[in-house]
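K.L.:
everything below, folded, please.
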Amino acid sequence: MIDTVVPPTTAIADVLQLRGQTGWLSPPLRPVHRTQGLMGKPRTVRLAPGPGEHGLQPLRAVLDECLDGRVIVVAGAQAAAGAVWDEILTRAALARGVRGLLVEGGVRDVNAHRDLGLPVWALYEATAGPGPDVHVAAVGGPVEIGGVTVDESSTIVMDAAGVVALDSTDVFPDCYMYADAEENVVAALREGATLAEANRYREDMVAKLRRSV
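P.N.:
Just a heads-up that it's a prediction; the model follows:
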């Protein structure tokens, strides 16, 4: 399911910058399978080095929960020797209603995620599995990716251009206006305007948003 009302992540990130805030998770995350705009509440999992008492079993247990509309966020997965996510987990996640996946580490079976339609952003693609020296340190609660804190009250927005984590969607009205201004720039360029002429739409919007901060 696609959320047609979600502003572009590029517009969200630019508006956050104008407000002196952050929230974008790409980079460091990179696309494995891109999607049109969607949003969802995160289900967070934090991994840590070492075998731990239960290894990765708590991550697999999460995928037996009702996860309707959730985005799985796996932080600390770079502690693993290889991929912590694969086709098997994607199939399990989709069966429980997961909308998207963010992995601060490696994933594999990339073609399967694309074929099955799960939007995935990760640090890298890996061939081997996770190995024994990584475990789930926590399920739920805040995690950090690229200096951005994500907890289960956050809102994750994903689209073909990126991923952002928001404390509140109150920023959306400004993002819609910013995105419209950029569309006006593109339309003016198509009609033969110079860049200086076309870019006034964006410049006027930036000035307006700065005055409202």
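K.L.:
so who does the closest residue to residue 98 other than its chain neighbours touch?
P.N.:
Computed as Cβ to Cβ, 6 or more residues apart in numbering, the closest residue to residue 98 that is not its neighbour in sequence is residue 67, at 4.8 Å. (Glycine included, C-beta is placed from N, CA and C.) Contacts for residue 67 (Cβ atoms under 8 Å, 6 or more residues apart in numbering) come out as 43, 93, 96, 97, 98.
K.L.:
helix or strand right after the longest strand along the chain?
P.N.:
The longest strand of the chain (DSSP state E) is strand 38-49. With elements assigned by DSSP states H and E, the helix or strand that comes after strand 38-49 is helix 57-62.
K.L.:
so in this structure, where's the weakest helix or strand by average pLDDT?
P.N.:
helix 200-212 (a mean of 91; mean pLDDT, DSSP states H and E).
K.L.:
who are the packing partners of that one?
P.N.:
Applying 3 or more Cβ pairs under 8 Å, 6 or more residues apart in numbering; DSSP states H and E, one finds that helix 200-212 contacts helix 9-18, helix 172-190.
K.L.:
which residues does the spatially most central residue of the chain bridge with?
P.N.:
The centre of the chain sits closest to residue 163, judged by Cα atoms, centre = their mean, with a distance of 3.3 Å. Beta-bridge pairing for residue 163 (DSSP bridges): residue 158.
K.L.:
which element is residue 5 on?
P.N.:
Per DSSP H and E: residue 5 is located in neither a helix nor a strand.
K.L.:
how many neighbours does it have?
P.N.:
By the measure other Cβ atoms under 10 Å, the count of residues near residue 5 is 10.
K.L.:
which residues touch it?
P.N.:
Counting by Cβ under 8 Å, 6+ apart, residue 5 has no contacts.
K.L.:
how about a cut-off of 10 Å?
P.N.:
Contacts for residue 5 (Cβ atoms under 10 Å, 6 or more residues apart in numbering) come out as 37, 39, 169, 172, 176.
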